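Colleague: any chance you could fold what I've pasted below:
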Amino acid sequence: MSEDLSKTRRSIALGLGATAASSIIPAAAWADDDRDTYSEPEIIRAAENFFGAAAEGLANVIHHIFNDKGRPNGYITGDEGSGAIGVGLRYGGGRLHLKGLGAVTPVYWQGPSIGFDTGGNASKVFTLVYHMRDASRIFQRFPGVDGSAYFVGGFGANYQQSGRIILAPIRAGVGFRLGANIGYLNYSRHRRVLPF
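Modeller: Residues are numbered from 1 along each chain as shown. You can find the predicted model right below:
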């Protein structure tokens, strides 16, 4: 009987220990996540430096993405050009910054789209990057749906995802592009002429 009582006490102690550990682990993981990710003020500062401090509406777009996706662990700054009449093409290039890595990775992107979309624009692009610890993971295709309207000086944002990695490009364009399209962007180490 004392052996059964001892086993019961041991089971209770292990159960309490597991419960205590599970309540501590998420807090520790959250702390690591905060250390390895950018805060909203850090991203707003970086985006304002990139677009220019007078970029009205930028903080609201970033705030919306933070509410939706949380804290990113990287961002891409770059430029792109695109055009469409039903079928579209987009080409760009920039630099990937990952939190905790001193090096910056050059990256290029290109891709086709199809939809109810017309016009052309040149854009500055600031892309929030989620769940990417290795810079080489950027070099793949990221499907996305873009339903933004572009006007002179306007901002547009959408999401692209491949596996767990999420990209949230924020574009400030010069020109005019209106409509909705589906497509993908192929991120590569070198500039490519073919968008596929």
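
Colleague: alpha carbons only for contacts and neighbour counts from here, please
Modeller: Will do.

Colleague: tell me where this protein has strands.
Modeller: With DSSP state E, the ranges of strands along the chain come out as 74-98, 104-130, 141-146, 155-157, 159-162, 165-188.

Colleague: make TSV out of those and add distance to H64, mean neighbour count and mean pLDDT.
Modeller: TSV is the format used below for the strands of the chain (distance: least, C-alpha to C-alpha, whole Å; neighbours: other C-alpha atoms under 10 Å; pLDDT from 0 to 100):
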stretch	distance to H64	mean neighbour count	mean pLDDT
strand 74-98	16	20	87
strand 104-130	12	21	84
strand 141-146	16	19	77
strand 155-157	10	20	79
strand 159-162	12	17	90
strand 165-188	11	20	78
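
Colleague: and the ones you listed as TSV, adding distance to I62?
Modeller: Listed next are the strands of the chain as TSV, based on distance: least, C-alpha to C-alpha, whole Å:
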stretch	distance to I62
strand 74-98	12
strand 104-130	9
strand 141-146	17
strand 155-157	9
strand 159-162	13
strand 165-188	8
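
Colleague: which stretch among these comes nearest R35?
Modeller: Nearest to R35, of all the strands of the chain, is strand 74-98, at 12.1 Å by C-alpha to C-alpha.

Colleague: ok, now which ones touch R133?
Modeller: Counting by C-alpha atoms under 8 Å, 6 or more residues apart in numbering, R133 touches N73, L98.

Colleague: one more: L185?
Modeller: Per C-alpha under 8 Å, 6+ apart, neighbours of L185: R90, W109, Q110, G111, P112, R141, F142, P143, G144.

Colleague: do the same with A47
Modeller: Under the criterion of C-alpha under 8 Å, 6+ apart, the neighbours of A47 are L58, F126.

Colleague: okay, it: pLDDT?
Modeller: pLDDT, the model's per-residue confidence, is 94 for A47.

Colleague: just D134 next, same as before
Modeller: On the pLDDT scale, D134 gets 93.

Colleague: how many neighbours does it have?
Modeller: D134: 9 surrounding residues under other C-alpha atoms under 10 Å.

Colleague: for it, phi and psi?
Modeller: Backbone torsions of D134, given as degrees, to the nearest 10, read phi -120, psi 120.

Colleague: how far away is it from G93?
Modeller: Using C-alpha to C-alpha, to the nearest Å, D134 is found at 19 Å from G93.

Colleague: on that earlier part again, out of the strands of the chain, nearest to E48?
Modeller: Here strand 104-130 is closest among those (C-alpha to C-alpha), at 9.9 Å.

Colleague: out of the strands of the chain, the one nearest L58 is which?
Modeller: With C-alpha to C-alpha as the yardstick, what comes closest out of the strands of the chain is strand 155-157 (7.3 Å).

Colleague: other SSEs contacting that closest one?
Modeller: Under the contact criterion of 3 or more C-alpha pairs under 8 Å, 6 or more residues apart in numbering; DSSP states H and E, strand 155-157 touches strand 165-188.
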